[in-house]
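Novice: could you work out the structure for the sequence below:
(chains A, B, C, D, E and F)
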Number of protein chains: 6
Amino acid sequence: MSNFTHFNEEGRAKMVDISDKKETVRNAIAHSSIQVNQEIHQKIVDHDFKKGDVLGVAQVAGIMAAKQTSSIIPMCHPIPISSVNISFTWKEMSEAAYELHITAEVKTKGSTGVEMEALTAATATALCVYDMCKSVDKGMIIGQTYLLHKSGGKNGDFHRDHL
Amino acid sequence: MSNFTHFNEEGRAKMVDISDKKETVRNAIAHSSIQVNQEIHQKIVDHDFKKGDVLGVAQVAGIMAAKQTSSIIPMCHPIPISSVNISFTWKEMSEAAYELHITAEVKTKGSTGVEMEALTAATATALCVYDMCKSVDKGMIIGQTYLLHKSGGKNGDFHRDHL
Amino acid sequence: MSNFTHFNEEGRAKMVDISDKKETVRNAIAHSSIQVNQEIHQKIVDHDFKKGDVLGVAQVAGIMAAKQTSSIIPMCHPIPISSVNISFTWKEMSEAAYELHITAEVKTKGSTGVEMEALTAATATALCVYDMCKSVDKGMIIGQTYLLHKSGGKNGDFHRDHL
Amino acid sequence: MSNFTHFNEEGRAKMVDISDKKETVRNAIAHSSIQVNQEIHQKIVDHDFKKGDVLGVAQVAGIMAAKQTSSIIPMCHPIPISSVNISFTWKEMSEAAYELHITAEVKTKGSTGVEMEALTAATATALCVYDMCKSVDKGMIIGQTYLLHKSGGKNGDFHRDHL
Amino acid sequence: MSNFTHFNEEGRAKMVDISDKKETVRNAIAHSSIQVNQEIHQKIVDHDFKKGDVLGVAQVAGIMAAKQTSSIIPMCHPIPISSVNISFTWKEMSEAAYELHITAEVKTKGSTGVEMEALTAATATALCVYDMCKSVDKGMIIGQTYLLHKSGGKNGDFHRDHL
Amino acid sequence: MSNFTHFNEEGRAKMVDISDKKETVRNAIAHSSIQVNQEIHQKIVDHDFKKGDVLGVAQVAGIMAAKQTSSIIPMCHPIPISSVNISFTWKEMSEAAYELHITAEVKTKGSTGVEMEALTAATATALCVYDMCKSVDKGMIIGQTYLLHKSGGKNGDFHRDHL
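Specialist: Purely as a prediction, here's the structure:
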């Protein structure tokens, strides 16, 4: 008999133990964006897409994706999410290009942070905007996606400015 | 009795009808990336994260996310996916910053395209890398995410160069 | 050895075989409703709920539920859904009571009908309305839910009038 | 740059914050029903459907649906469900029509109520009965569905009589 | 810039391409078993478990698991399942030990085989029996699980005898 | 009116109430195995399968399956999983046959045990190995699967030796 592999000691996949971590209120805010052309911007603002009200549907997509995070991200712990909030701001880059800025804030009262839930929510929101508008232009670009803020838990807070 | 609202005529959500579209082989390629610091780059290359082999797990995450696309993106049709392929390339930006480039290719033999599946796979792959490395640095930035290529279907092909 | 049980011959659960059935375009329309009080009706119309735009979110819920039908209904076959459309009509019953009528139409190009998908979509839409308005009144009543119309497939069409 | 939309302040979708709510034992009881013809009633009682034992499968469907509630109802919080119990009673309306009454009771020890879980369980149970019997008659009608009872939490209890 | 890794050429995860494979009727039969003590056998036969009718629930579990296969097995293609059938046989090993034999047959009309669906269904059925009986004895053993039969597709049939 | 059935008193399905049980740290360890031929063993060790690195993907499958347990096993409570760890050992049976031994350890801080999560994780890991290697040989046999150890909770610990 040969007993030559203990993969976890060699860096393979495991879900790290959080059973000793304290349940506290934790929140995280993530940011994403999507760059669209003038026609798409106009149609979103005018509610003129045959798939529906783009931002309304995208908000629902982001919220539901936050709840699916632990089934999308393999090593993520399933945690009770106590709140999700997606908000939008438009930025006009030029006459031809507009950026929709997406902020996703997630809260939990649990044993681990919700950074992944916030990032997943922001990303799914952007993907949903792409889906609903792609009949007009497949050249939309989802912008940089990053953590803006994180608090709660013993490792200290995180904060960065908008890129 | 008042009968004042036919929302679909006003632009609310619906899943558009594809029952008349032809089943053909279609593929799509999406691109994403994630920018990490020198320490994370080294640990990924050295397989030195306690959550496991980062790129190996991220590939699985991307493939499984492609299959979940229609449960993440509300107006997306459920379609049979016939192949998913995630590949990586590293780009050294400076001594302190590295970019992991992610390419996701998805194929179907179905009645609608797989752009959303490719974009979702690329994004989930990037999110998984973030998750597995965030104990070192929460400042990683997921880069621009976009469709590179699409073929199949009657609307013609799409191709763009890398940004 | 005793070999005393062949449950399927005794009426236990199985998913019946549809591999010989023809792939054709099939559609189904289901109807549900929810009775709400005057305050809720007003708040829905005015978009004045803190959980959001009730009918917009409910439409998304119905569409996504149609896609989840085979994971909710145990003996339902997973089928490709080619379109889902949820529409609403208000009916004023009295000054104090309003009924929101919900129609869900689902289409497939597949080997079995979409009655369950349409009924599940209509029901989930009604449940979502309940959820978003229950902070005002938990006494809302989801009305009778039934199949209005079904066509496609070799067993003939079905049609009934509104109850 | 224009910064003209803060949708959440205008009533779009969000999952409201429950991180300050207390974890207590909460329960909810919902009621639904389905009206079937004499032949279906007889076949259910005689366990004579080729898809299986109708009420046995429907109970499992209801229980599993309770656990899926937060993935069906967009603004619903994911909560730990500590018990689900589905029970049935038959009511003979006439020689030709029977009503199957469905009661779903759900309990949690959590920060928000389980009304939606109970309503979803009752509804899924009724839908499953429809699915298993629809080969005989597609004219079955799912009856009014409503909350019977709710206790736990600081907003007080709710109780109504059967309609 | 360094471009040193093309993981798929090095054996990392991908979902292999089946878009050129022909859609044909395919079926697979898998076998599993679970060994229980005399008390559990008696209680299953007598329908005397507080969690319910063990074999009835286990059949539903197996059928629903077959439909979840592609979300459990990472490289599995999502395919339309056209039938699932779970059957049971008891074998008395001694006065103290009984084996419940589980056969799961799955059919599809698709581009790839359903071996994994049949194996997953058989396994989930056994796991469900364990779950429902574990309050009596946690020492139950799930027996060898294997493919009995496979037909359809161009790679030829597979058949083995019971172990 | 006839009121002749209270199924739960007759042994039908219910999810038993755990709302009075204490939240404590609980863990469970399950064991499974899969017997493969010499060629498959060699290809696994050499990372020579076109679907990818077999054991790396199988570990991810096992971890993600642990999180899906309550959607696979009908009467299982959804619980927060705080850690999952899958490890492998090879045993050479003869020159022609090798056994891959799979150990899955799951932890929670919750109101009920994680035996089912550990058993589900071990099983899914074995099924994934089968899936990735079945192009070489469909005759692989998944070996006996059982609980090795369980602790936490008021019912006492469980321990058995390897079979």
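Novice: rest of the way, CA atoms for contacts and neighbours
Specialist: Fine.
Novice: in chain A, which spans are strands?
Specialist: A:24-37, A:81-92, A:97-110, A:141-142, A:146-151, A:158-159 (DSSP state E).
Novice: tabulate the ones you listed (TSV), appending mean pLDDT, distance to chain C and mean neighbour count.
Specialist: Below are those laid out as TSV (pLDDT from 0 to 100; distance: least, CA to the nearest CA, whole Å; neighbours: other CA atoms under 10 Å in any protein chain shown):
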stretch	mean pLDDT	distance to chain C	mean neighbour count
strand A:24-37	97	19	24
strand A:81-92	96	10	22
strand A:97-110	96	15	23
strand A:141-142	98	23	24
strand A:146-151	97	24	23
strand A:158-159	96	28	14
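Novice: and the ones you listed as CSV, adding distance to residue C:136?
Specialist: Output for the strands of chain A, formatted as CSV (distance: least, CA to CA, whole Å):
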stretch, distance to residue C:136
strand A:24-37, 27
strand A:81-92, 20
strand A:97-110, 24
strand A:141-142, 39
strand A:146-151, 33
strand A:158-159, 38
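Novice: for residue B:53, which of those is the nearest?
Specialist: When these are compared by CA to CA, strand A:146-151 sits nearest residue B:53, at 22.3 Å.
Novice: now do the closest one: distance to the chain's middle.
Specialist: Relative to the centre of its chain, strand A:146-151 is centred 11 Å away, using CA atoms, centre = their mean, to the nearest Å.
Novice: right, and the strands of chain A - which one's nearest residue D:127?
Specialist: Shortest distance between residue D:127 and those, using CA to CA, is found for strand A:81-92: 28.8 Å.
Novice: ok so, going back, which one of the strands of chain A lies closest to chain F?
Specialist: Nearest to chain F among these is strand A:97-110 (9.7 Å), distances taken as CA to the nearest CA.
Novice: that closest one pairs with which strands?
Specialist: Applying DSSP bridges to the sheet, strand A:97-110 is found paired with strand A:24-37 (antiparallel), strand A:81-92 (antiparallel).
Novice: now render those strands as CSV, adding distance to residue C:138.
Specialist: Formatted as CSV, the strands paired with strand A:97-110 follow (distance: least, CA to CA, whole Å):
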stretch, distance to residue C:138
strand A:24-37, 29
strand A:81-92, 21
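Novice: skipping adjacent residues, who's closest to residue A:152 in space?
Specialist: The shortest distance from residue A:152 to any residue other than its chain neighbours is 4.2 Å, reached at residue A:26 (CA to CA, 6 or more residues apart in numbering or on different chains).
Novice: residue contacts, that neighbour?
Specialist: Neighbour list for residue A:26: A:107-110, A:112-114, A:150-153 [criterion: CA atoms under 8 Å, 6 or more residues apart in numbering or on different chains].
Novice: closest one of the residues you listed to chain B?
Specialist: residue A:150 (9.3 Å).
Novice: just checking, the closest one touches residue A:115?
Specialist: Yes: the pair residue A:150 / residue A:115 is scored as a contact, 7.0 Å apart, by CA atoms under 8 Å.
Novice: shared neighbours of the two, anything?
Specialist: By the contact definition CA under 8 Å, 6+ apart, residue A:150 and residue A:115 are jointly contacted by A:27-29.
Novice: kindly tell me how buried residue A:45 is, as a neighbour count.
Specialist: Burial of residue A:45 is recorded as 13 neighbouring residues (other CA atoms under 10 Å in any protein chain shown).
Novice: who's in contact with it?
Specialist: Neighbours of residue A:45 in contact, by CA under 8 Å, 6+ apart: none.
Novice: state the distance from it to residue A:38.
Specialist: 11 Å (CA to CA, to the nearest Å).
Novice: now do residue A:120
Specialist: Counting by CA to CA - residue A:120 and residue A:38 are separated by 27 Å.
Novice: the two: who's more crowded?
Specialist: residue A:120 (31 against 15).
Novice: quick check: closest non-adjacent residue to that one.
Specialist: residue A:66 (6.0 Å).
Novice: before we move on, what about residue A:100?
Specialist: residue A:90 is the one closest to residue A:100 (CA to CA, 6+ apart), at 4.6 Å.
Novice: isn't that neighbour right up against residue A:101?
Specialist: Yes: using CA under 8 Å, residue A:90 is in contact with residue A:101, at 6.0 Å.
Novice: the residue of chain A found nearest chain D: what's it in contact with?
Specialist: In chain A, the residue that lies nearest chain D is residue A:83 (4.4 Å; CA to the nearest CA). Residue A:83 makes contact with A:105-108, D:14-19, D:77 under the criterion CA under 8 Å, 6+ apart.
Novice: ok, the residues you listed vs chain E, which is closest?
Specialist: residue D:77 (22.8 Å).
Novice: ok, that closest one - how many residues close by?
Specialist: Residue D:77: 26 neighbours (other CA under 10 Å).
Novice: residue A:138 against residue B:147, yeah?
Specialist: Yes: using CA under 8 Å, residue A:138 is in contact with residue B:147, at 7.1 Å.
Novice: for chain A, give the residue positioned nearest to chain E.
Specialist: For chain A, CA to the nearest CA, closest residue to chain E: residue A:71, 9.4 Å.
Novice: check contacts around the closest residue to that residue other than its chain neighbours.
Specialist: Distances taken as CA to CA, 6+ apart put residue F:64 closest to residue A:71, at 7.0 Å, once the chain neighbours are dropped. Applying CA under 8 Å, 6+ apart to residue F:64 gives the contacts A:71, A:74-75, E:72, F:121.
Novice: and residue A:107, by the same measure?
Specialist: If you count contacts by CA under 8 Å, 6+ apart, residue A:107 has them with A:25-28, A:81-84, A:114, D:17, D:19.
Novice: could you check how far it is from residue A:155?
Specialist: In this view, residue A:107 and residue A:155 are 17 Å apart by CA to CA.
Novice: before we move on, what about residue A:39?
Specialist: Plainly put, residue A:39 is 45 Å away from residue A:155 if you go by CA to CA.
Novice: quick one, which of these two is more surrounded?
Specialist: Taking neighbours as other CA under 10 Å, residue A:39 and residue A:155 compare with residue A:39 leading, 15 against 9.
Novice: the more buried one: what's it in contact with?
Specialist: Residue A:39 is in contact with residue A:136, counting by CA under 8 Å, 6+ apart.
Novice: how near is it to residue A:66?
Specialist: 30 Å.
Novice: re earlier: residue B:134: which of the strands paired with strand A:97-110 is closest?
Specialist: strand A:24-37 (13.4 Å).
Novice: please export the C-alpha coordinates of that closest one as PDB.
Specialist: Below are the C-alpha coordinates for strand A:24-37, written out as PDB (Å, rounded to 0.1, in the frame of the first residue of the first chain):
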ATOM      1  CA  THR A  24     -20.900  40.100  14.400                       C
ATOM      2  CA  VAL A  25     -22.600  42.500  12.000                       C
ATOM      3  CA  ARG A  26     -20.400  42.900   9.000                       C
ATOM      4  CA  ASN A  27     -20.900  44.900   5.800                       C
ATOM      5  CA  ALA A  28     -19.200  45.300   2.500                       C
ATOM      6  CA  ILE A  29     -19.600  47.700  -0.400                       C
ATOM      7  CA  ALA A  30     -18.400  46.800  -3.900                       C
ATOM      8  CA  HIS A  31     -18.300  48.900  -7.100                       C
ATOM      9  CA  SER A  32     -18.600  48.000 -10.700                       C
ATOM     10  CA  SER A  33     -19.700  49.800 -13.900                       C
ATOM     11  CA  ILE A  34     -20.700  49.300 -17.500                       C
ATOM     12  CA  GLN A  35     -19.900  51.500 -20.400                       C
ATOM     13  CA  VAL A  36     -22.700  51.900 -23.000                       C
ATOM     14  CA  ASN A  37     -23.200  53.900 -26.100                       C
END
